[in-house]
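Q: Here's my sequence, what's the structure:
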Amino acid sequence: MGNSGPESAPHLPRHVAIIMDGNGRWAKSRNLPRTQGHLEGVRRVEEIVEAARLMGIKVLTLYTFSTENWNRPLSEVQMLMTTLCAVLDRKVNQLIRDNIRLQTIGRKDGLPADVIKSMERTSGATKDCTGLILNLALNYGGRSEILDAAKNLAEKVTSGQMSLSDISEETFQQALYTAGMPDPDLLIRTSGEQRISNFLLWQLSYAEFYFTDIYWPQFNTGEFQKAIADYQKRDRRYGRVGIASS
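A: As a prediction, this is how the structure comes out:
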């Protein structure tokens with residue numbers, strides 16, 4: 001990538017979160033089975049991870065499988081889980097070579113044992129990598145995350161490990177699945193939908209949103225660069241008066 005790309009421009013987002021939507025609709029529009037859409041979507045994941053790494057983005061969080069996705073047909077769920085295991089096992093050495101650390105957020109309860117094993121093996125193998133953090137939201141729901149954090153803090157208060165007055169935004173944030181990570185600067189959602197679908201409800205409070213009509217299997221490096229460039233044009237005020245208005 002040349003020096004004229006978005007990686008050389010200012011205000012690069014530290015943390016980009018993506019809702020990868022539209023695999024099934026992409027496949028349907030081509031008279032292909034939904035499974036083909038998911039397989040093509042995996043190729044885009046590999047492409048966008050590489051693009052984010054080269055740009056110097058610190059964290060890339062991908063909405064991989066939500067708590068609501070269990071309502072899909074069993075055959076599709078099984079295919080998604082099998083594919084996830086295969087990809088993690090196949091990519092572990094490349095992740096290490098590329099200095100990418102794999103992390104996951106979400107509830108392990110309910111996930112197949114082989115998926116948990118692949119997740120733990122890959123995250124353990126990459127734990128010392130210091131480059132891009134690839135954060136997979138798996139069996140994830142934003143409301144569940146907030147409930148889990150609240151229960152965790154309540155248990156600490158009840159047991160005397162902390163007092164009620166110790167609970168603040170900072171301590172609550174440390175009880176979330178994303179503890180230790182910066183909040184997303186940019187949320188990207190593909191396929192034309194304009195909602196966040198129970199994704200990172202706490203963490204997206206001040207994120208910039210970028211919606212595109214393009215289905216995820218079509219979201220290539222060029223489209224990712226376009227989203228980053230759009231973000232870089234924005235004036236993030238966080239409630240303050242912007243530069244143009246001051």
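Q: where's the residue nearest to the spatial centre of the chain, which helix or strand?
A: For the chain, the residue nearest the mean C-alpha position is residue 61 (2.0 Å; CA atoms, centre = their mean). Residue 61 belongs to strand 59-66 when assigned by DSSP states H and E.
Q: partner strands of that strand, parallel or antiparallel?
A: The pairing partners recorded for strand 59-66 under DSSP bridges are strand 15-19 (parallel), strand 133-140 (parallel).
Q: packing partners for the next helix or strand after the shortest one?
A: Read in the C-terminal direction, the helix or strand following strand 15-19 is helix 23-29, with elements assigned using DSSP H and E. If you count contacts as 3 or more CB pairs under 8 Å, 6 or more residues apart in numbering; DSSP states H and E, helix 23-29 packs onto helix 34-55. In short, each C-beta sits where N, CA and C put it, glycine included.
Q: what packs against the helix it packs on?
A: helix 23-29, strand 59-66, helix 74-97, helix 221-232.
Q: for the ones you listed, which one ends up most surrounded?
A: Counting by mean count of other CB atoms under 10 Å, strand 59-66 has the highest mean neighbour count of these, with a mean of 22.
Q: Just the CA atoms of that strand, as PDB, please.
A: Extracted in PDB, the C-alpha atoms of strand 59-66 (Å, rounded to 0.1, in the frame of the first residue of the first chain):
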ATOM      1  CA  VAL A  59      -8.100  -3.400  17.700                       C
ATOM      2  CA  LEU A  60     -10.500  -4.900  15.200                       C
ATOM      3  CA  THR A  61     -13.700  -6.300  16.800                       C
ATOM      4  CA  LEU A  62     -15.900  -8.500  14.500                       C
ATOM      5  CA  TYR A  63     -19.500  -9.400  15.400                       C
ATOM      6  CA  THR A  64     -19.000 -13.100  14.600                       C
ATOM      7  CA  PHE A  65     -22.000 -14.800  16.200                       C
ATOM      8  CA  SER A  66     -24.600 -13.200  18.400                       C
END
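Q: Contacts for it next, please.
A: For strand 59-66, the surrounding residues in contact (CB atoms under 8 Å, 6 or more residues apart in numbering) are 14-20, 45, 48-49, 52, 80, 84, 105-106, 132-141, 178, 181-182, 184, 197-200.
Q: Wait, a strand at residue 210?
A: Yes - if the criterion is DSSP: H, G, I helix; E, B strand; the rest coil, then residue 210 is within a strand.
Q: Now for it, how many residues are close by?
A: For residue 210, the neighbour count with other CB atoms under 10 Å is 18.
Q: If it is in a bridge, with which residues?
A: According to DSSP bridges, beta-bridge pairing links residue 210 with residue 188.
Q: do you know how far it is from residue 195?
A: Per CB to CB, to the nearest Å, residue 210 is found 14 Å from residue 195.
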